[in-house]
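Trainee: predicted structure and sequence below. I'll ask about it afterward.
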Amino acid sequence: MDACWEIAVRRGCEIILLSEPDRRTIVDDRWVVSADSSAAILVSCGTAAVHNKGAGPGYVWVELARMVMFSVYLSPNSDFLVYARMVDDLVEEIARWRSKIVVVSGDFNVKVRSWGSAIDDRRGRLLEDAMASVDLQCVNRRGEMTFESGGVGIFVPDLTFVNMRGLQRLLGWQVLGEETLSDHRLITFEIGDVIQEERPGTRSVRFHSGSVAQFRAAIDFELGCSKDTDLNELTDTVFRVGAETGVIKEVTAGRAGVNWWTPELAKLRRRCVMSRHCLKRTQRPGENIEEELGRLRLARRDFRGATASKKCKRQ
(Lines give C-alpha, C1' and ligand atoms only; values in the text may rest on other atoms or scores of the structure.)
Protein backbone atom coordinates (compact mmCIF):
# COMPACT_ATOMS: atom_id res chain seq x y z
CA MET A 1 0.00 0.00 0.00
CA ASP A 2 2.84 2.41 0.81
CA ALA A 3 4.40 1.83 -2.62
CA CYS A 4 1.05 2.39 -4.38
CA TRP A 5 0.46 5.56 -2.40
CA GLU A 6 3.93 6.88 -3.23
CA ILE A 7 3.42 6.30 -6.95
CA ALA A 8 -0.06 7.88 -6.90
CA VAL A 9 1.20 10.98 -5.09
CA ARG A 10 4.18 11.31 -7.43
CA ARG A 11 1.87 11.16 -10.45
CA GLY A 12 -0.57 13.67 -8.98
CA CYS A 13 -3.60 11.35 -8.95
CA GLU A 14 -6.70 13.07 -7.56
CA ILE A 15 -8.94 9.99 -7.32
CA ILE A 16 -7.54 6.61 -6.26
CA LEU A 17 -9.67 3.46 -6.71
CA LEU A 18 -8.63 0.50 -4.57
CA SER A 19 -9.60 -3.16 -4.26
CA GLU A 20 -8.91 -4.93 -0.96
CA PRO A 21 -7.50 -1.81 0.76
CA ASP A 22 -5.43 -1.98 3.93
CA ARG A 23 -8.00 -0.95 6.54
CA ARG A 24 -5.28 0.51 8.76
CA THR A 25 -4.73 3.29 6.22
CA ILE A 26 -8.38 4.38 6.19
CA VAL A 27 -8.08 7.10 8.79
CA ASP A 28 -10.04 10.16 7.60
CA ASP A 29 -13.12 11.32 5.71
CA ARG A 30 -11.33 11.43 2.35
CA TRP A 31 -12.03 7.70 2.10
CA VAL A 32 -15.27 6.09 0.91
CA VAL A 33 -15.51 2.35 1.63
CA SER A 34 -17.84 -0.40 0.40
CA ALA A 35 -20.32 -2.13 2.70
CA ASP A 36 -17.95 -5.09 3.18
CA SER A 37 -14.74 -2.96 3.21
CA SER A 38 -13.46 -4.78 0.13
CA ALA A 39 -13.34 -1.72 -2.14
CA ALA A 40 -12.51 1.91 -1.46
CA ILE A 41 -12.07 5.30 -3.11
CA LEU A 42 -9.64 7.91 -1.83
CA VAL A 43 -10.18 11.51 -2.86
CA SER A 44 -6.71 12.99 -2.45
CA CYS A 45 -5.84 16.67 -2.22
CA GLY A 46 -6.77 18.29 -5.51
CA THR A 47 -9.56 19.97 -7.39
CA ALA A 48 -11.97 17.02 -7.21
CA ALA A 49 -15.03 17.80 -5.10
CA VAL A 50 -17.37 15.00 -4.03
CA HIS A 51 -21.06 15.85 -4.48
CA ASN A 52 -22.44 12.50 -3.37
CA LYS A 53 -21.26 9.03 -2.43
CA GLY A 54 -22.59 5.57 -1.72
CA ALA A 55 -21.68 1.92 -1.29
CA GLY A 56 -23.00 -1.59 -1.72
CA PRO A 57 -21.71 -5.14 -1.41
CA GLY A 58 -18.36 -5.22 -3.21
CA TYR A 59 -18.50 -1.70 -4.63
CA VAL A 60 -18.35 1.97 -3.68
CA TRP A 61 -19.01 5.11 -5.74
CA VAL A 62 -18.48 8.85 -5.63
CA GLU A 63 -20.25 11.51 -7.67
CA LEU A 64 -18.07 14.35 -8.90
CA ALA A 65 -19.03 17.41 -10.92
CA ARG A 66 -19.51 15.60 -14.23
CA MET A 67 -18.83 11.95 -13.55
CA VAL A 68 -19.47 9.02 -11.24
CA MET A 69 -16.59 6.68 -10.38
CA PHE A 70 -16.99 3.14 -9.03
CA SER A 71 -14.38 1.00 -7.29
CA VAL A 72 -15.16 -2.73 -7.24
CA TYR A 73 -13.89 -5.93 -5.67
CA LEU A 74 -15.73 -9.20 -6.33
CA SER A 75 -14.21 -12.14 -4.49
CA PRO A 76 -13.24 -15.30 -6.42
CA ASN A 77 -14.32 -17.35 -3.40
CA SER A 78 -17.99 -16.37 -3.45
CA ASP A 79 -20.67 -18.75 -4.73
CA PHE A 80 -21.79 -18.09 -8.32
CA LEU A 81 -25.30 -17.06 -7.24
CA VAL A 82 -23.84 -14.66 -4.67
CA TYR A 83 -21.53 -13.27 -7.35
CA ALA A 84 -24.50 -12.83 -9.72
CA ARG A 85 -26.50 -10.94 -7.08
CA MET A 86 -23.56 -8.62 -6.42
CA VAL A 87 -23.20 -7.92 -10.13
CA ASP A 88 -26.93 -7.24 -10.38
CA ASP A 89 -26.74 -4.76 -7.47
CA LEU A 90 -23.76 -3.04 -9.10
CA VAL A 91 -25.47 -2.77 -12.49
CA GLU A 92 -28.64 -1.40 -10.91
CA GLU A 93 -26.62 1.40 -9.30
CA ILE A 94 -24.70 2.12 -12.51
CA ALA A 95 -27.97 2.46 -14.44
CA ARG A 96 -28.97 5.43 -12.25
CA TRP A 97 -26.13 7.53 -13.71
CA ARG A 98 -26.65 7.25 -17.46
CA SER A 99 -26.69 11.05 -17.83
CA LYS A 100 -23.12 11.37 -16.50
CA ILE A 101 -19.70 10.03 -17.37
CA VAL A 102 -19.43 6.63 -15.68
CA VAL A 103 -16.12 4.92 -14.86
CA VAL A 104 -16.08 1.47 -13.21
CA SER A 105 -12.75 -0.06 -12.23
CA GLY A 106 -11.62 -2.85 -9.94
CA ASP A 107 -10.74 -6.49 -9.41
CA PHE A 108 -13.61 -8.56 -10.84
CA ASN A 109 -11.88 -11.97 -10.72
CA VAL A 110 -13.24 -13.13 -14.06
CA LYS A 111 -11.78 -14.54 -17.26
CA VAL A 112 -12.93 -13.15 -20.61
CA ARG A 113 -11.01 -13.67 -23.85
CA SER A 114 -12.03 -10.36 -25.36
CA TRP A 115 -10.67 -8.58 -22.28
CA GLY A 116 -7.27 -10.25 -22.39
CA SER A 117 -7.59 -13.57 -20.52
CA ALA A 118 -6.77 -16.89 -22.15
CA ILE A 119 -10.27 -18.37 -21.69
CA ASP A 120 -13.86 -17.44 -20.84
CA ASP A 121 -15.42 -18.55 -17.58
CA ARG A 122 -19.01 -18.49 -16.36
CA ARG A 123 -18.57 -15.39 -14.23
CA GLY A 124 -16.86 -13.61 -17.09
CA ARG A 125 -19.77 -14.27 -19.42
CA LEU A 126 -22.19 -13.02 -16.79
CA LEU A 127 -20.19 -9.83 -16.21
CA GLU A 128 -19.77 -9.23 -19.94
CA ASP A 129 -23.53 -9.36 -20.48
CA ALA A 130 -24.21 -7.22 -17.39
CA MET A 131 -21.88 -4.43 -18.50
CA ALA A 132 -23.28 -4.51 -22.02
CA SER A 133 -26.79 -4.08 -20.60
CA VAL A 134 -25.80 -0.64 -19.23
CA ASP A 135 -23.71 0.30 -22.30
CA LEU A 136 -20.31 0.11 -20.62
CA GLN A 137 -17.25 -0.82 -22.64
CA CYS A 138 -14.08 -2.45 -21.30
CA VAL A 139 -11.04 -0.32 -22.19
CA ASN A 140 -8.38 -2.88 -21.24
CA ARG A 141 -5.93 -3.56 -24.05
CA ARG A 142 -5.25 -7.12 -25.10
CA GLY A 143 -1.73 -8.17 -24.24
CA GLU A 144 -1.38 -5.82 -21.26
CA MET A 145 -1.32 -7.97 -18.14
CA THR A 146 -2.70 -6.42 -14.95
CA PHE A 147 -1.84 -9.38 -12.70
CA GLU A 148 1.22 -11.55 -12.06
CA SER A 149 -0.48 -14.91 -12.49
CA GLY A 150 2.31 -17.07 -11.07
CA GLY A 151 1.95 -19.79 -13.66
CA VAL A 152 -1.86 -20.10 -13.67
CA GLY A 153 -2.16 -18.87 -17.26
CA ILE A 154 -3.06 -15.52 -18.76
CA PHE A 155 -5.48 -13.89 -16.35
CA VAL A 156 -6.70 -10.27 -16.42
CA PRO A 157 -8.96 -9.75 -13.38
CA ASP A 158 -8.42 -5.97 -13.12
CA LEU A 159 -10.76 -4.24 -15.52
CA THR A 160 -11.85 -0.70 -16.38
CA PHE A 161 -15.25 0.06 -17.91
CA VAL A 162 -16.39 3.40 -19.31
CA ASN A 163 -19.64 4.55 -20.91
CA MET A 164 -19.75 6.42 -24.22
CA ARG A 165 -19.63 9.83 -22.55
CA GLY A 166 -16.43 8.77 -20.81
CA LEU A 167 -14.87 7.12 -23.86
CA GLN A 168 -15.01 10.46 -25.65
CA ARG A 169 -12.79 11.96 -22.94
CA LEU A 170 -10.61 9.03 -21.89
CA LEU A 171 -6.88 9.72 -22.05
CA GLY A 172 -3.76 7.67 -21.38
CA TRP A 173 -5.16 4.38 -20.03
CA GLN A 174 -2.11 2.27 -19.21
CA VAL A 175 -0.80 -0.48 -16.97
CA LEU A 176 2.26 0.69 -15.06
CA GLY A 177 5.32 -1.49 -14.75
CA GLU A 178 6.46 0.06 -11.46
CA GLU A 179 6.95 -2.23 -8.45
CA THR A 180 4.07 -2.14 -5.96
CA LEU A 181 4.89 -5.20 -3.79
CA SER A 182 1.60 -6.67 -5.00
CA ASP A 183 0.62 -9.26 -7.63
CA HIS A 184 -1.66 -6.61 -9.14
CA ARG A 185 -0.26 -3.79 -11.26
CA LEU A 186 -1.35 -0.18 -11.10
CA ILE A 187 -3.60 1.22 -13.81
CA THR A 188 -3.74 4.94 -14.56
CA PHE A 189 -5.96 7.00 -16.82
CA GLU A 190 -7.38 10.50 -17.14
CA ILE A 191 -10.83 11.82 -17.99
CA GLY A 192 -10.16 15.02 -19.94
CA ASP A 193 -12.27 18.13 -20.33
CA VAL A 194 -12.28 18.04 -24.13
CA ILE A 195 -14.05 15.44 -26.26
CA GLN A 196 -11.45 13.50 -28.22
CA GLU A 197 -11.59 13.33 -31.98
CA GLU A 198 -13.71 10.38 -33.07
CA ARG A 199 -11.57 7.46 -34.17
CA PRO A 200 -12.29 5.39 -37.28
CA GLY A 201 -14.46 2.41 -36.50
CA THR A 202 -16.34 3.86 -33.50
CA ARG A 203 -19.72 3.97 -35.20
CA SER A 204 -22.57 2.21 -33.43
CA VAL A 205 -23.58 -0.84 -35.44
CA ARG A 206 -25.49 -4.10 -35.24
CA PHE A 207 -24.29 -7.21 -37.03
CA HIS A 208 -26.76 -9.42 -38.88
CA SER A 209 -26.40 -12.73 -40.66
CA GLY A 210 -26.95 -11.22 -44.11
CA SER A 211 -24.92 -12.74 -46.91
CA VAL A 212 -21.62 -13.36 -45.16
CA ALA A 213 -20.09 -15.10 -48.19
CA GLN A 214 -21.03 -12.17 -50.43
CA PHE A 215 -19.64 -9.74 -47.86
CA ARG A 216 -16.29 -11.55 -47.73
CA ALA A 217 -16.06 -11.74 -51.51
CA ALA A 218 -16.83 -8.03 -51.87
CA ILE A 219 -14.21 -7.07 -49.27
CA ASP A 220 -11.57 -9.24 -50.99
CA PHE A 221 -12.43 -7.56 -54.31
CA GLU A 222 -12.25 -4.03 -52.84
CA LEU A 223 -8.91 -4.68 -51.14
CA GLY A 224 -7.52 -6.24 -54.32
CA CYS A 225 -8.37 -3.12 -56.33
CA SER A 226 -6.49 -0.72 -54.02
CA LYS A 227 -2.91 -1.05 -52.82
CA ASP A 228 -2.69 2.22 -50.87
CA THR A 229 -5.98 2.27 -48.93
CA ASP A 230 -5.54 4.12 -45.62
CA LEU A 231 -7.42 3.25 -42.43
CA ASN A 232 -10.22 5.78 -42.96
CA GLU A 233 -10.88 4.57 -46.50
CA LEU A 234 -10.76 0.94 -45.38
CA THR A 235 -13.27 1.63 -42.60
CA ASP A 236 -15.64 3.35 -45.02
CA THR A 237 -15.31 0.43 -47.43
CA VAL A 238 -16.16 -2.14 -44.75
CA PHE A 239 -19.25 -0.19 -43.65
CA ARG A 240 -20.41 0.41 -47.22
CA VAL A 241 -20.02 -3.22 -48.30
CA GLY A 242 -21.51 -4.41 -45.02
CA ALA A 243 -24.60 -2.26 -45.57
CA GLU A 244 -24.95 -3.43 -49.18
CA THR A 245 -24.82 -7.11 -48.18
CA GLY A 246 -26.97 -6.71 -45.06
CA VAL A 247 -24.23 -7.85 -42.66
CA ILE A 248 -23.78 -4.48 -40.94
CA LYS A 249 -26.53 -2.03 -40.02
CA GLU A 250 -25.73 1.28 -38.36
CA VAL A 251 -27.70 2.16 -35.25
CA THR A 252 -29.70 5.36 -35.55
CA ALA A 253 -30.92 7.54 -32.72
CA GLY A 254 -33.46 5.85 -30.49
CA ARG A 255 -37.12 6.65 -30.31
CA ALA A 256 -38.45 9.31 -28.00
CA GLY A 257 -39.14 8.15 -24.46
CA VAL A 258 -42.61 7.15 -23.38
CA ASN A 259 -44.33 8.59 -20.33
CA TRP A 260 -44.98 5.22 -18.69
CA TRP A 261 -41.34 4.02 -18.65
CA THR A 262 -39.84 3.76 -15.15
CA PRO A 263 -36.51 2.70 -13.55
CA GLU A 264 -38.25 -0.48 -12.38
CA LEU A 265 -39.10 -1.42 -15.99
CA ALA A 266 -35.53 -0.64 -17.04
CA LYS A 267 -34.22 -3.02 -14.38
CA LEU A 268 -36.60 -5.81 -15.49
CA ARG A 269 -35.59 -5.28 -19.12
CA ARG A 270 -31.89 -5.54 -18.24
CA ARG A 271 -32.60 -8.85 -16.52
CA CYS A 272 -34.32 -10.10 -19.67
CA VAL A 273 -31.33 -9.12 -21.79
CA MET A 274 -28.85 -10.73 -19.38
CA SER A 275 -30.92 -13.93 -19.18
CA ARG A 276 -31.18 -14.15 -22.96
CA HIS A 277 -27.43 -13.70 -23.39
CA CYS A 278 -26.70 -16.30 -20.71
CA LEU A 279 -29.00 -18.77 -22.46
CA LYS A 280 -27.25 -18.23 -25.79
CA ARG A 281 -23.88 -18.87 -24.17
CA THR A 282 -25.04 -22.00 -22.32
CA GLN A 283 -23.77 -24.50 -24.86
CA ARG A 284 -20.99 -26.18 -22.91
CA PRO A 285 -21.08 -29.62 -21.30
CA GLY A 286 -22.27 -29.59 -17.71
CA GLU A 287 -24.26 -26.36 -17.97
CA ASN A 288 -28.00 -26.59 -17.34
CA ILE A 289 -29.87 -25.20 -20.35
CA GLU A 290 -33.28 -25.81 -18.78
CA GLU A 291 -32.29 -23.73 -15.73
CA GLU A 292 -31.23 -20.78 -17.89
CA LEU A 293 -34.35 -21.13 -20.04
CA GLY A 294 -36.52 -21.04 -16.91
CA ARG A 295 -34.83 -17.85 -15.76
CA LEU A 296 -35.41 -16.22 -19.14
CA ARG A 297 -39.10 -17.17 -19.15
CA LEU A 298 -39.55 -15.82 -15.64
CA ALA A 299 -37.75 -12.58 -16.47
CA ARG A 300 -39.87 -12.07 -19.60
CA ARG A 301 -43.09 -12.79 -17.70
CA ASP A 302 -42.22 -10.25 -15.01
CA PHE A 303 -41.24 -7.63 -17.60
CA ARG A 304 -44.36 -8.07 -19.71
CA GLY A 305 -46.63 -8.01 -16.67
CA ALA A 306 -45.04 -4.86 -15.26
CA THR A 307 -45.12 -3.15 -18.67
CA ALA A 308 -48.82 -3.89 -19.17
CA SER A 309 -49.58 -2.62 -15.67
CA LYS A 310 -47.73 0.68 -16.21
CA LYS A 311 -49.43 1.25 -19.57
CA CYS A 312 -52.88 0.72 -18.06
CA LYS A 313 -52.18 3.12 -15.18
CA ARG A 314 -50.96 5.84 -17.54
CA GLN A 315 -54.02 5.50 -19.76
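Mentor: Structure's in. What do you need?
Trainee: can you get me a residue count around residue 49?
Mentor: Using other C-beta atoms under 10 Å, residue 49 has 10 other residues around it. For every residue, glycine as well, the C-beta is placed using N, CA and C.
Trainee: I figured it hits residue 65, correct?
Mentor: Yes. Between residue 49 and residue 65 there is a contact under C-beta atoms under 8 Å: 6.6 Å.
Trainee: quickly find the element holding residue 62.
Mentor: Using DSSP states H and E, residue 62 maps to strand 59-63.
Trainee: other SSEs contacting the helix or strand following that strand?
Mentor: Using DSSP H and E, the helix or strand that follows strand 59-63 in sequence is strand 67-73. With contacts defined as 3 or more C-beta pairs under 8 Å, 6 or more residues apart in numbering; DSSP states H and E, strand 67-73 has these neighbours: strand 15-19, strand 39-43, strand 59-63, helix 80-95, strand 101-107.
Trainee: which neighbouring elements make contact with the second one?
Mentor: Here strand 39-43 touches strand 15-19, strand 31-33, strand 59-63, strand 67-73, going by 3+ C-beta pairs under 8 Å, 6+ apart.
Trainee: possible to save these as CSV with distance to residue 168?
Mentor: Shown next, in CSV, are those (distance: least, C-beta to C-beta, whole Å):
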stretch, distance to residue 168
strand 15-19, 19
strand 31-33, 26
strand 59-63, 19
strand 67-73, 12
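Trainee: can you check which of these gets nearest to residue 79?
Mentor: Closest of the helices and strands packed on strand 39-43 to residue 79 is strand 67-73, at 16.1 Å (criterion: C-beta to C-beta).
Trainee: strands paired with that closest one, and their directions?
Mentor: On the basis of DSSP bridges, the sheet neighbours of strand 67-73 come out as strand 59-63 (antiparallel), strand 101-107 (parallel).
Trainee: between strand 15-19 and the shortest one, find me the angle.
Mentor: Read that as strand 59-63. 170 degrees (axes from the mean of the first three to the mean of the last three C-alpha atoms, to 10 degrees).
Trainee: tell me where the protein has strands.
Mentor: Using DSSP state E, the strands found in the chain span residues 15-19, 31-33, 39-43, 52-56, 59-63, 67-73, 101-107, 137-138, 158-162, 170-175, 187-191, 205-207, 248-250.
Trainee: make TSV out of these and add mean neighbour count and mean pLDDT.
Mentor: As requested, the strands of the chain are exported to TSV (neighbours: other C-beta atoms under 10 Å; pLDDT from 0 to 100):
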stretch	mean neighbour count	mean pLDDT
strand 15-19	21	85
strand 31-33	19	85
strand 39-43	24	87
strand 52-56	16	92
strand 59-63	24	93
strand 67-73	24	94
strand 101-107	24	93
strand 137-138	17	88
strand 158-162	23	91
strand 170-175	14	84
strand 187-191	16	84
strand 205-207	11	53
strand 248-250	14	60
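Trainee: out of those strands, flag the one nearest residue 131.
Mentor: With C-beta to C-beta as the measure, strand 158-162 is the member of those nearest residue 131 (5.5 Å).
Trainee: what about the closest residue to residue 127 other than its chain neighbours, neighbour count?
Mentor: Using C-beta to C-beta, 6 or more residues apart in numbering and skipping residues adjacent in sequence, the residue nearest residue 127 is residue 110, 5.1 Å away. Look at residue 110: counted by other C-beta under 10 Å, it has 24 neighbours.
Trainee: wouldn't residue 110 be in contact with residue 123 here?
Mentor: Yes. Residue 110 lies in contact with residue 123 (C-beta under 8 Å); the separation is 4.6 Å.
Trainee: in this protein, which helix or strand is least confident?
Mentor: Counting by mean pLDDT, DSSP states H and E, the chain has its least confident helix or strand at strand 205-207, which shows a mean of 53.
Trainee: so where's the stretch 51-200 of the chain shaky on pLDDT?
Mentor: Scanning the stretch 51-200 of the chain with the threshold set as pLDDT under 70 gives 148-155, 178-182, 194-200.
Trainee: now do the shared contacts for residue 110 and residue 123.
Mentor: Counting by C-beta atoms under 8 Å, 6 or more residues apart in numbering, no residue touches both residue 110 and residue 123.
Trainee: please convert the strands paired with strand 67-73 to CSV, extending it with distance to residue 20.
Mentor: Listed next are these as CSV, based on distance: least, C-beta to C-beta, whole Å:
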stretch, distance to residue 20
strand 59-63, 12
strand 101-107, 7
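Trainee: and those: which comes nearest residue 8?
Mentor: Distance to residue 8, taken as C-beta to C-beta, is lowest for strand 101-107 among the strands paired with strand 67-73, at 13.7 Å.
Trainee: kind regards, and thank you for your time.
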